[in-house]
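Asks: please work out how this folds:
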Amino acid sequence: MMANLFSSFDPSTNWSTSLNWMSTLLGILIIPPMFWLIPSRINFMWNKILMSLHKEFLTLLGPKNKTAALTFITIFSLILFNNFLGLFPYIFTSTSHMVLTLTLALPLWLSFMLFGWLNNSIHMLAHLVPQGTPPVLMPFMVCIETISNLIRPGTLAIRLSANMIAGHLLMTLLGNTGTMLSTLMLNILIIVQILLLTLESAVAIIQSYVFAVLSTLYSSEVN
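Replies: Coordinates of the predicted model:
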């Protein structure tokens with residue numbers, strides 16, 4: 001039994017070990033057979049989405065950074081897959097944990113910072129003081145910009161995990177009240193749950209897109 005409401009987010013719930021983290025790698029089992037099947041409408045739609053994202057990322061990064069754009073598309077696909085996977089019953093939502101989101105955000109941010117300060121030090125220093133800042137405010141702007149740079153991996157990780165947890169908690173809270181409702185209220189609850197599930201599907205897409213786009217913007221700043 002679950003000890004409390006947050007036990008549904010515990011990777012070791014109903015398991016003696018943290019085997020639920022294996023749900024993050026389920027996409028590897030699904031992707032290879034797609035290359036041997038006749039392309040379907042779903043495949044064409046997915047390829048269309050990826051090509052649109054690739055063009056958008058190239059606009060932000062520059063036409064020469066095709067490899068970097070593919071990297072951010074891979075991150076988008078990984079987060080999107082795990083977000084949708086968590087909407088199925090009894091499947092662990094790995095993106096609702098800071099362990100996974102920080103694992104994605106922190107190495108990206110560190111690599112951007114190391115590359116920028118080692119190769120474009122003057123450019124990075126210029127970013128600390130926005131153009132047109134009065135001389136009196138320059139020390140304060142340096143402090144503000146430095147703090148905003150330091151908290152970027154935390155904001156990326158918290159934004160993703162908090163949005164995943166919030167929707168799941170709301171659906172769990174409403175679902176637990178189903179046994180105490182009348183038939184009419186139960187029908188209304190089912191309709192509300194379907195609407196919430198639709199909203200969560202939209203959130204799953206939006207949050208993966210936001211994570212990838214913000215990572216792309218952070219990368220474009222150090223070039």
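Asks: contacting residues around residue 108?
Replies: Each residue near residue 108 by Cβ atoms under 8 Å, 6 or more residues apart in numbering is listed here: 75, 153, 215, 218-219. (C-beta placed from N, C-alpha, C; glycine too.)
Asks: and it, how far from residue 24?
Replies: 17 Å (Cβ to Cβ, to the nearest Å).
Asks: try residue 92
Replies: Separation of residue 92 from residue 24 (Cβ to Cβ): 8 Å.
Asks: of these two, which one has the most company?
Replies: More neighbours surround residue 92 than the other of residue 92 and residue 24, with 23 against 17 (other Cβ atoms under 10 Å).
Asks: residues in contact with the more buried one?
Replies: 11, 20-21, 23, 86.
Asks: which helices and strands does the helix or strand containing residue 70 pack with?
Replies: Assigned by DSSP states H and E, residue 70 falls within helix 66-85. Counting contacts by 3 or more Cβ pairs under 8 Å, 6 or more residues apart in numbering; DSSP states H and E, helix 66-85 packs against helix 26-34, helix 41-61, helix 98-119, helix 183-221.
Asks: same question for that helix: list its buried residues.
Replies: For helix 66-85, burial by neighbour count (16 or more other Cβ atoms under 10 Å) applies to 68-69, 71-73, 75-85.
Asks: what about this structure, any weak spots by pLDDT?
Replies: For the chain, applying pLDDT under 70 flags the ranges 1-19, 31-37.
Asks: ok, back up a step: same list (the helices and strands packed on helix 66-85) but as TSV, adding distance to residue 165.
Replies: Rendered in TSV, the data for these read as follows (distance: least, Cβ to Cβ, whole Å):
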stretch	distance to residue 165
helix 26-34	20
helix 41-61	26
helix 98-119	10
helix 183-221	11
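Asks: closest one of the buried residues of helix 66-85 to residue 115?
Replies: The closest of the buried residues of helix 66-85 to residue 115 turns out to be residue 68 (Cβ to Cβ; 10.9 Å).
Asks: distance-wise, check the closest residue to the closest one other than its chain neighbours relative to residue 55.
Replies: Leaving aside its chain neighbours, residue 68 sits nearest to residue 61 (5.4 Å; criterion: Cβ to Cβ, 6 or more residues apart in numbering). Plainly put, residue 61 is 11 Å away from residue 55 if you go by Cβ to Cβ.
Asks: kindly report the same for residue 184.
Replies: 50 Å.
Asks: equivalent analysis for residue 166, please.
Replies: For residue 166 relative to residue 55 (Cβ to Cβ), the value is 32 Å.
Asks: neighbour-wise, which of those two wins?
Replies: Shown here are residue 166 and residue 55; by other Cβ under 10 Å, residue 166 has more neighbours (13 against 10).
Asks: what's the helix or strand for that one?
Replies: Going by DSSP H and E, residue 166 is in helix 152-176.
Asks: which parts of that helix are buried?
Replies: Within helix 152-176, the residues that count as buried by 16+ other Cβ under 10 Å are 152-153, 156-157, 159-161, 163-165, 167-168, 171.
Asks: equivalent analysis for stretch 205-221, please.
Replies: Buried, per 16+ other Cβ under 10 Å, within stretch 205-221: 205, 207-208, 210-216, 218-220.
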